[in-house]
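Q: Okay, predicted coordinates and the sequence, questions at the end:
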Amino acid sequence: MVDQGERLLKNLNWWLEMLRWLFATLIVATAIFALLSPTDGTDANYFVRSNLRLHMDYGTGCEWLSTREGHLSPRLDASGKQVCGGVS
């Protein structure tokens, strides 16, 4: 008969193994989510996000940036002028 200490140790090992699998699953799911999330011209890459959204005014061709809070700002180039690609 297995004594109480061995049963407790087996139970603890089982829980630790489940936690390892859960942690591994969360890591893989996070990586997949990051790779499948769309990026725009304001992001450096999939893992370095600006948390800004890029908008195009189709009437003028000018680009705008918005935050999650709803603030809107013109997108500026290196010389400080608004980025406008022209009207297509």
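A: Done, it's in. Numbers count the residues shown, from 1 in each chain.
Q: so where does the closest residue to residue 41 other than its chain neighbours fall, helix or strand?
A: Leaving out its chain neighbours, the residue that sits closest to residue 41 by C-beta to C-beta, 6 or more residues apart in numbering is residue 54, at 5.6 Å. For the C-beta atoms, the positions are set from N, CA and C on the backbone; glycine is no exception. Assigned by DSSP states H and E, residue 54 belongs to strand 53-56.
Q: List the strands paired with the following helix or strand past that strand, with their directions.
A: Next helix or strand after strand 53-56 toward the C-terminus (DSSP H and E): strand 63-66. Paired neighbours of strand 63-66 in the sheet (DSSP bridges): strand 53-56 (antiparallel), strand 72-74 (antiparallel).
Q: what does strand 63-66 contact?
A: Applying C-beta atoms under 8 Å, 6 or more residues apart in numbering, the external contacts of strand 63-66 come out as 42, 52-57, 72-75, 82-85.
Q: Now distance to residue 10 and mean pLDDT too, for the strands paired with strand 63-66, in CSV please.
A: Formatted as CSV, the strands paired with strand 63-66 follow (distance: least, C-beta to C-beta, whole Å; pLDDT from 0 to 100):
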stretch, distance to residue 10, mean pLDDT
strand 53-56, 52, 89
strand 72-74, 59, 94
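Q: how about the helices of this structure, start to end?
A: 4-36 (DSSP state H).
Q: Please check which residues sit opposite the closest residue to residue 75 other than its chain neighbours as beta-bridge partners.
A: Excluding the flanking residues, the one nearest residue 75 by C-beta to C-beta, 6+ apart is residue 63, at 4.0 Å. Residue 63 has these beta-bridge partners by DSSP bridges: residue 56.
Q: I'd like to know how many residues surround residue 63.
A: Neighbours of residue 63 under the rule other C-beta atoms under 10 Å: 19.
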